[in-house]
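> build the 3D model from these lines:
(4 chains)
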Number of protein chains: 2
Amino acid sequence: MLNQSAALDLMFQALADPSRRVMVDRLTRGPASVSELAKPLAMSLPAVVQHLQVLEASGLVRSEKVGRVRTCHIEPKALRNAEQWIAERRTIWERRLDRLGAILAAGEDESGESKT
Amino acid sequence: MLNQSAALDLMFQALADPSRRVMVDRLTRGPASVSELAKPLAMSLPAVVQHLQVLEASGLVRSEKVGRVRTCHIEPKALRNAEQWIAERRTIWERRLDRLGAILAAGEDESGESKT
DNA sequence: GTGATACTTAAGCACATGCTTAACCAATCG
DNA sequence: CGATTGGTTAAGCATGTGCTTAAGTATCAC
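Model prediction:
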């Protein structure tokens, strides 16, 4: 398994492209073939396949080929990882603000706290 | 204002680099100067400043310079946008699974639904 | 004023990304 | 069978990214 950080790299990188987000968006509504994914995108099929490879490398999407059609679907656990990284940071921030608020409220008339 | 998609591009792109995530992480614990942000990173100061520019362009971080030190802080609203994009997609997916489950449960003994 | 500190600007370089076209292969269809 | 459909592979190219070093500029400390 990749280390946590490298996995997030791939994940956020994958989400950083609008075409790939369109593909993910489509896949949240159910599985699709490569050419279905390609339909709304103004680019060649090989380009779409390359985007798909980025998505698969990130773990966000999986696909299997049966006959001559490759069917893609989302891996929601992966989405969750990215979401969680962000949520954790937001939480830290909010807790910090709470503490800060408490300190300010308590020390409203004084001026010297220990540090920062 | 940037359109929604371009904003997400910048946001996810900004989060796609481990050094930048370290910087964001640091900033969730409170404001910091450029050289404080640089300390844990094994790279030159200019490189750090370039990362900082990416973060600012994404709206995730802001900074002001007073005297000769530039102080950076996080913009938690921006974090929220990225989180929300992901959360929405996950929700769509989960609702879909619920519907699918209901359909399967209802039609457990039949075999012809209208279409996929 | 002299020097250290905290950046800032600019140039350059190696490698990654996002596309393209052309050619190819393998499963259907008629 | 031969033609289509669905996808794959390979090569090439323009632009972007992540760093570097070298040379500034603007405070602040003495």
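> contacts and neighbour counts: CA atoms only from here.
Fine.
> tell me who's in contact with the nearest residue to residue A:7 once chain neighbours are set aside.
Spatially, and ignoring its direct neighbours in sequence, residue A:7 is nearest to residue A:58 (6.7 Å; Cα to Cα, 6 or more residues apart in numbering or on different chains). Going by Cα atoms under 8 Å, 6 or more residues apart in numbering or on different chains, residue A:58 touches A:7, A:10-11, A:14.
> chain center to whichever strand or helix holds residue A:93, what's the gap?
Here residue A:93, judged by DSSP states H and E, is contained in helix A:76-106. Its chain's C-alpha centre and that of helix A:76-106 lie 17 Å apart, by Cα atoms, centre = their mean, to the nearest Å.
> the inter-axis angle of that helix versus helix B:76-106?
Angle between the axes of helix A:76-106 and helix B:76-106 is 140 degrees (criterion: axes from the mean of the first three to the mean of the last three Cα atoms, to 10 degrees).
> what's next to stretch A:92-110, contact-wise?
By Cα under 8 Å, 6+ apart, stretch A:92-110 touches B:28-30, B:76.
> sorry, that was for stretch A:32-40
Outside stretch A:32-40, the residues that reach it (Cα under 8 Å, 6+ apart) are A:23, A:26, A:44-45, A:48-49, A:69-73.
> farthest-separated two in these?
Within these, A:44 and A:73 form the most distant pair, 20.7 Å apart (Cα to Cα).
> which one's more surrounded, these two?
residue A:73 (20 against 10; other Cα atoms under 10 Å in any protein chain shown).
> could you check how many residues crowd around the closest residue to that one other than its chain neighbours?
Nearest residue to residue A:73, sequence neighbours excluded (Cα to Cα, 6+ apart): residue A:31, at 4.6 Å. Residues contacting residue A:31 under the criterion other Cα under 10 Å number 17.
> please see if stretch A:25-36 touches DNA strand C.
No - Stretch A:25-36 lies out of reach of DNA strand C by Cα under 7 Å from any atom of the strand, never closer than 13.0 Å.
> hmm, that stretch touching DNA strand D?
Yes - interface with DNA strand D: stretch A:25-36 contributes A:33-36 (Cα under 7 Å from any atom of the strand).
> restrict that stretch to CA atoms and write it as CSV.
Only the C-alpha atoms of stretch A:25-36 are listed here, as CSV (Å, rounded to 0.1, in the frame of the first residue of the first chain):
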residue,chain,number,x,y,z
ASP,A,25,-19.6,13.0,-11.3
ARG,A,26,-21.0,10.8,-14.0
LEU,A,27,-19.8,7.7,-12.1
THR,A,28,-21.5,8.7,-8.9
ARG,A,29,-24.7,8.2,-10.8
GLY,A,30,-23.8,4.7,-11.7
PRO,A,31,-21.3,2.7,-13.8
ALA,A,32,-20.4,3.7,-17.3
SER,A,33,-18.3,2.5,-20.2
VAL,A,34,-15.3,4.5,-21.5
SER,A,35,-17.2,5.9,-24.4
GLU,A,36,-20.1,7.0,-22.2
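> buried residues in it, which are they?
Buried residues in stretch A:25-36, counted by 16 or more other Cα atoms under 10 Å in any protein chain shown: A:25-34.
> mind putting the residues you listed into JSON lines with distance to residue A:54 and pLDDT?
Listed next are those as JSON lines, based on distance: Cα to Cα, whole Å; pLDDT from 0 to 100:
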{"residue": "A:25", "distance to residue A:54": "15", "pLDDT": "96"}
{"residue": "A:26", "distance to residue A:54": "16", "pLDDT": "96"}
{"residue": "A:27", "distance to residue A:54": "15", "pLDDT": "96"}
{"residue": "A:28", "distance to residue A:54": "17", "pLDDT": "95"}
{"residue": "A:29", "distance to residue A:54": "20", "pLDDT": "93"}
{"residue": "A:30", "distance to residue A:54": "19", "pLDDT": "94"}
{"residue": "A:31", "distance to residue A:54": "17", "pLDDT": "96"}
{"residue": "A:32", "distance to residue A:54": "17", "pLDDT": "97"}
{"residue": "A:33", "distance to residue A:54": "16", "pLDDT": "98"}
{"residue": "A:34", "distance to residue A:54": "14", "pLDDT": "98"}
